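1. what's the 3D shape of this:
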Amino acid sequence: MKKMRKNVLTSCFSLAMAAALVATPLTAGAEGKLKEGDQFELTILQTNDLHGHLDDILTLDDGTVHHNSIAKYATIIENVRNVEENVLLVDGGDVFLRGEFQAGQGELETSLLKAMDYDAMVLGNNDFRVYPAGEGTPDSLYDQLKNYHRNVNFPIVTGNVIDRETGKYIQNVKPWKGFTFNGIQVGLIGLTSMKPEIRGWNDVADLDFIEPVEALEALLPEVSAKSDINIVLSHAGNPEDHNLAKVPGVSAVLGADTHKVIKTPEYEFNGEVMVPITQAGGEQENYLGRLDLTFEVVDGQMKLVESDGFLYDVTNVSEDPKIQAIINDYRAEMNAQ
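-> I've put the predicted structure just below:
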């Protein structure tokens, strides 16, 4: 296993570059837009671990009522996009399994993400599991992920899962994706949990899972050569997110998997900056999270100088009628069968 991982990494990445990772100057587009001391602001909106809980009402332990409502999230997302200039909308994976609509294998959930114009998602460990859980095969998983890609119009990024036979990434899944905001290049790296391999799921018998930090360190030189800012979209779990945040060159880690309700960001110092770590709950108690990042050009490079984040309270927010209608129609169709 370790030998296979080493060979896979060597074929996909440049380990020599990873060992010599250094800060890179602004890309050509950014250099034309910004000069020393100029600032750039980026707003990231995040969902994760929906698990098909799209419009549940939940009473929390403290007696408060929480509404999981992706239709309400859609209303907030549209409002933010109308106000903020640079907005990135992402999902941290585990979109359907264990939820009301799990028999659809993510059909509804991925269609909703498309309808809401998400920019990217990472595959969660449960996205590698075919419904009914425990009965999947590599072929049925391939079909499920192919349908994921067919349903969405945005990148699926997961940079630490490799096909054992070919040594390549899963078809239609990329390790990272670049986004351009007014000439500024933002590289989004996707990393997922080792759980499917560790737990021996038959669905992933043809896949090899790389340790997230190992994969990140190998990918960063390639990403940094083309991006001014590096963001990690992680489904590796909160403890591992803290390890990812310690890697030089990373500006933020958008977390998932552990269903942790992080109301304001946690932080790790990576030798350069304090890196924010987020997670917007999950499953029965999920939220729409927001992270605001401010960067400044320092010595010709983009440096994170300020960050803040929170989870939205949707109590008094109205549902987006289009998104709610998609859910209602799908539910009615399922109940009629």
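
2. C-terminal to the helix or strand hosting Ile77, which secondary structure element comes first?
-> Under the criterion DSSP states H and E, the helix or strand holding Ile77 is helix 70-83. Using DSSP H and E, the helix or strand that follows helix 70-83 towards the C-terminus is strand 87-91.

3. buried sites along the helix holding Ile77?
-> Residues of helix 70-83 classed as buried: 70-77, 80 (neighbour count, 16 or more other CB atoms under 10 Å). Backbone N, C-alpha and C define where each C-beta goes, glycine included.

4. Mind giving me the packing neighbours of that helix?
-> Judged by 3 or more CB pairs under 8 Å, 6 or more residues apart in numbering; DSSP states H and E, helix 70-83 is in contact with strand 39-47, strand 87-91, helix 321-336.

5. Go again with 10 Å.
-> Helix 70-83 sits against strand 39-47, strand 87-91, helix 107-115, strand 289-298, helix 321-336, with contacts defined as 3 or more CB pairs under 10 Å, 6 or more residues apart in numbering; DSSP states H and E.

6. Can you give the contact residues for it?
-> The contact list for helix 70-83 (CB atoms under 10 Å, 6 or more residues apart in numbering) reads 43, 45, 47, 50, 53-55, 69, 87, 89, 109, 112-113, 115-118, 280, 286-290, 312-328.

7. mind putting the helices and strands packed on helix 70-83 in a markdown table, mean neighbour count included?
-> Listed next are those as a markdown table, based on neighbours: other CB atoms under 10 Å:
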| stretch | mean neighbour count |
| --- | --- |
| strand 39-47 | 21 |
| strand 87-91 | 23 |
| helix 107-115 | 21 |
| strand 289-298 | 20 |
| helix 321-336 | 14 |
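
8. Gly289 contacts Lys260, correct?
-> No - applying CB atoms under 10 Å as the test, Gly289 and Lys260 come out as separate, 11.1 Å apart.

9. how about the CA coordinates for the helix holding Ile77, as PDB?
-> Extracted in PDB, the C-alpha atoms of helix 70-83 (Å, rounded to 0.1, in the frame of the first residue of the first chain):
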ATOM      1  CA  ILE A  70     -31.200  25.100   1.700                       C
ATOM      2  CA  ALA A  71     -34.000  27.200   0.200                       C
ATOM      3  CA  LYS A  72     -33.300  29.900   2.900                       C
ATOM      4  CA  TYR A  73     -29.600  29.600   2.200                       C
ATOM      5  CA  ALA A  74     -30.300  30.300  -1.400                       C
ATOM      6  CA  THR A  75     -32.000  33.600  -0.500                       C
ATOM      7  CA  ILE A  76     -29.000  34.700   1.600                       C
ATOM      8  CA  ILE A  77     -26.600  33.600  -1.100                       C
ATOM      9  CA  GLU A  78     -28.400  35.700  -3.700                       C
ATOM     10  CA  ASN A  79     -28.300  38.700  -1.300                       C
ATOM     11  CA  VAL A  80     -24.600  38.300  -0.600                       C
ATOM     12  CA  ARG A  81     -23.800  38.100  -4.300                       C
ATOM     13  CA  ASN A  82     -25.800  41.300  -4.900                       C
ATOM     14  CA  VAL A  83     -23.700  43.200  -2.300                       C
END
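
10. which one among the buried residues of helix 70-83 gets closest to Asn151?
-> Ile70 (15.0 Å; CB to CB).

11. Let's see the pLDDT reported for the closest one.
-> Looking at Ile70, its pLDDT stands at 98.

12. again with Arg98
-> Reading off the model, Arg98 has pLDDT 96.

13. if I look at it, how far off is Gly187?
-> 32 Å (CB to CB, to the nearest Å).

14. and these two? which has more neighbours close in?
-> Legend: neighbour count by other CB atoms under 10 Å for Arg98 and Gly187, higher for Gly187 (24 against 16).

15. list the contacts for the more buried one?
-> So Gly187 contacts 157, 176-179, 219-220, 222-232, 249, 251 (CB under 10 Å, 6+ apart).

16. which one is it nearest to, not counting chain neighbours?
-> Excluding its sequence neighbours, the residue lying closest to Gly187 (CB to CB, 6 or more residues apart in numbering) is Ser227, at 3.2 Å.

17. pretty sure the one you found contacts Phe179?
-> Yes - using CB under 10 Å, Ser227 makes contact with Phe179 at a distance of 8.9 Å.

18. Mutual contacts of these two, please.
-> Contacts common to Ser227 and Phe179, judged by CB under 10 Å, 6+ apart, are 185-188.

19. Show me which of those is closest to Pro212.
-> For the shared contacts of Ser227 and Phe179, the nearest to Pro212 is Leu188 (14.7 Å; CB to CB).

20. so the closest one is in which element?
-> Using DSSP H and E, Leu188 falls in strand 184-192.
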